[in-house]
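K.L.:
Quick one, structure for this:
(one chain, ligands or ions: 1)
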Amino acid sequence: MAMRVKDFRISQVWEVLRHLDASAVGSKRTTLKFNKVNQNIELHFPVSSSADICALQKIPGSEVCHQGKSAKAVVTLDKTQFVPEVVNSVISKPKSFWIDSPFCSDIKRQKVLVEFSSPNIAKPFHMGHLRSTIIGNYVSNLMSSLGHDVHRINYLGDWGTQFGLLNVGLELGQVSDEQIAANPIQVLYESYVLANREAEKDPGILSRARQIFKQMEDGDFAETERWEKFRQYTISELKQTYHRLGVVFDEYQWESMFGAKDISSVIAELEGMNLLNDNPDGKRVVKVGNRNVTLVKSDGSTLYLTRDVAAAKHRFQQHKFDQLLYVVENGQGDHFIALKHILKGLDHPWSDGITHIKFGRIHGMSTRRGQAVFLKDILDEARERSTIRQNISKNTRVGSDDKSAEVLGVSAVIINDLKQRRQKDYTFDWEKALQVVVLLKEVCFILTSPCMLTDARRQWLTFAVHTLQAMFFAREQWSETSRRVQRHPLNRVASNSPGN
Ligand SMILES: NC(=[NH2+])NCCC[C@H](N)C(=O)O
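P.N.:
Numbering: from 1, shown residues only. Now for the predicted structure:
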């Protein structure tokens, strides 16, 4: 049986969706189709219960068709009413569109912390960090569209023996503060590489690195202030690159904020709950399922996990969050299971609000400069390639000062990533990723040239703009697009005469 519901107004769509079993509407069997014959948009979804069927039958204009055994609903959205209505509602209140819709009225507003991106200083910003940045920003935007109070955190890795090594590298290379200030991410990375190279020849370097890290943890490190400056330079440089993706963080936290000195209370708590066991080799471990997980090394220094326990507690003290979401690759699954397990063992009921939002690896992304090491290189490459793409056709050719290459290139990288199945690994292909560039360019071009449009094409494009809005979660890019659409004469025509 199929239900056909015709001529929907947007308010009715909300009503239907509200009455239906949400799992059916959101299931993989739900598809949005564009009917080329009558130019209408159709939402097809399975109907799982007789209550759903009754709900649909009450809607004026609904039509029941028999079609095999399985029950299926088809909601036909009338192009002339629905498209302008959606586009105009979204445009008039892009921030509160979802919150104000009846569909979301029963969502309990929560304080949600989303931790994402989180690269390590002096190490490459690898593809895992890129996916985390894109997915994390998407999740944050989605959560705030639903009315949650979202706080975005970037947790930068600046701790561990690698930091001892980095300091040795700075000594060996006699790197000045000015050099670091001018190009922090690159210079710190090169110093780290230098130290690693030297450590292969001279084992003394590694023990010097460990010693420096121990001093850092114990608070005996002479260069703390210098390091504080380096961190600030790094954040300023990162902010410029995040800006290109439309990503803004509310807070930058450092792993070093949760070093040995600061986590004695966590250790005391673990001891108090009898969770910490002493290994014969001096390590202190916690049992997680049938694994023994180390929390304190034999020399007393802390580990990644210990710092995460302290960081989570700190976040709860500060924000009293309902949810804490970690957007980090699949490979760290065990780490987050251990984190949640330990917090639960420490009797923190809020640990139930912790979720690891995991994702698969990206293989094979390299730039012309070689294997991609920094986010900036990836985005520069996207811009260059998008210029080349646009120049292939004379309709989309760009001048040297054209900003569209940047916006389209960056958007293509984002869209390409969100198109993938989140938990699956995938192989990156520049050619495929940039295919969308020409389509995006065309949409913008046609929207700004009304005389180019036939009626049908205009309807389709208006719908495409709405779809793209869902993709342009990068806030700035979307607001730029929405400003264009808002100013556009087409939009005024559509809103004044829905029947045209
Ligand atoms: N709270 C966390 N552990 N977040 C993830 C941090 C990711 C880490 N900096 C890495 O690159 O692997």
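
K.L.:
Please count neighbours and contacts with C-alpha atoms only from this point.
P.N.:
Noted.

K.L.:
which parts of the stretch 1-150 of the chain sit against the ligand?
P.N.:
118-120 (CA under 6 Å from any ligand atom).

K.L.:
My error: substitute the chain in the last question.
P.N.:
118-120, 156-157, 308, 328.

K.L.:
and those residues, which of them are in helices?
P.N.:
In helices, defined here by DSSP state H, the members of these are residue 308.

K.L.:
Just put the residues of the chain next to the ligand in TSV and tack on pLDDT, neighbour count and distance to residue 437.
P.N.:
Below are the residues of the chain next to the ligand laid out as TSV (pLDDT from 0 to 100; neighbours: other CA atoms under 10 Å; distance: CA to CA, whole Å):
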residue	pLDDT	neighbour count	distance to residue 437
118	96	24	28
119	93	23	28
120	90	19	31
156	95	19	32
157	92	19	34
308	96	17	40
328	96	25	28
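
K.L.:
among the residues of the chain next to the ligand, which are in strands?
P.N.:
residue 156 (DSSP state E).

K.L.:
Rounded mean pLDDT for the longest helix along the chain, please.
P.N.:
In the chain, taking DSSP H as the definition, the longest helix is helix 224-245. Averaging pLDDT along helix 224-245 gives 88.

K.L.:
who does that helix touch, helix- and strand-wise?
P.N.:
helix 177-182, helix 184-201, helix 404-419 (3 or more CA pairs under 8 Å, 6 or more residues apart in numbering; DSSP states H and E).

K.L.:
Give me the angle between it and helix 404-419.
P.N.:
90 degrees (axes from the mean of the first three to the mean of the last three CA atoms, to 10 degrees).

K.L.:
list the buried ones in helix 224-245?
P.N.:
For helix 224-245, a neighbour-count test (16 or more other CA atoms under 10 Å) marks 230-231, 233-235, 237-238, 241-242, 244-245 as buried.

K.L.:
just stretch 398-415 next, same as before
P.N.:
Result for stretch 398-415 [16+ other CA under 10 Å]: buried residues 398, 404-415.

K.L.:
Tell me who's in contact with whichever residue of the stretch 151-300 of the chain sits closest to the ligand.
P.N.:
Using CA to the nearest ligand atom, the closest approach of the stretch 151-300 of the chain to the ligand is made by residue 157 at 4.5 Å. The contact partners of residue 157, taken as CA atoms under 8 Å, 6 or more residues apart in numbering, are 118-121, 254-256.

K.L.:
so which of these would you say is closest to residue 181?
P.N.:
In terms of CA to CA, no member of those lies closer to residue 181 than residue 121, at 14.1 Å.

K.L.:
I'd like to know how many residues surround the closest one.
P.N.:
Residues within reach of residue 121, counting by other CA atoms under 10 Å, total 25.

K.L.:
so what's it up against?
P.N.:
156-158, 185, 188-189, 234.

K.L.:
redo that, cut-off 6 Å
P.N.:
Residues in contact with residue 121 (CA atoms under 6 Å, 6 or more residues apart in numbering) are 157-158.

K.L.:
In terms of helices and strands, where is the closest residue to the ligand within the stretch 351-500 of the chain?
P.N.:
Using CA to the nearest ligand atom, the closest approach of the stretch 351-500 of the chain to the ligand is made by residue 356 at 9.5 Å. Taking DSSP states H and E as the criterion, the element that holds residue 356 is strand 354-357.

K.L.:
Quickly run through the sheet partners of the next helix or strand after that strand, with directions.
P.N.:
As assigned by DSSP H and E, the chain's next helix or strand after strand 354-357 is strand 362-363. Partners of strand 362-363 in the sheet, by DSSP bridges, are strand 426-427 (parallel).

K.L.:
show me where pLDDT drops low in the stretch 251-400 of the chain?
P.N.:
261, 366-372, 395-396, 399-400 (pLDDT under 70).

K.L.:
who's the residue of the stretch 151-300 of the chain closest to the ligand bridged to?
P.N.:
With DSSP bridges as the rule, residue 157 is bridged to residue 120.

K.L.:
Could you report the distance from it to residue 123?
P.N.:
Going from residue 157 to residue 123 by CA to CA, to the nearest Å gives 9 Å.

K.L.:
Equivalent analysis for residue 267, please.
P.N.:
29 Å.

K.L.:
ditto for residue 170
P.N.:
Applying CA to CA to residue 170 and residue 123 gives a distance of 14 Å.

K.L.:
Assumed residue 168 was part of a helix.
P.N.:
Yes: according to DSSP: H, G, I helix; E, B strand; the rest coil, the state of residue 168 is that of a helix.

K.L.:
where does it land on pLDDT?
P.N.:
On the pLDDT scale, residue 168 gets 93.

K.L.:
for it, what are its contacts?
P.N.:
Contacts of residue 168 (CA under 6 Å, 6+ apart): none.

K.L.:
rewinding a little: past the longest helix of the chain, which element shows up next along the chain?
P.N.:
strand 251-254.

K.L.:
Run me through the strand neighbours of that next one, direction for each.
P.N.:
Assessed with DSSP bridges, strand 251-254 is paired to strand 149-156 (parallel).

K.L.:
who touches residue 254 in this structure?
P.N.:
155-156.

K.L.:
Can you tell me how far it is from residue 160?
P.N.:
Taken as CA to CA, the span from residue 254 to residue 160 is 12 Å.

K.L.:
This completes my enquiry, with thanks.
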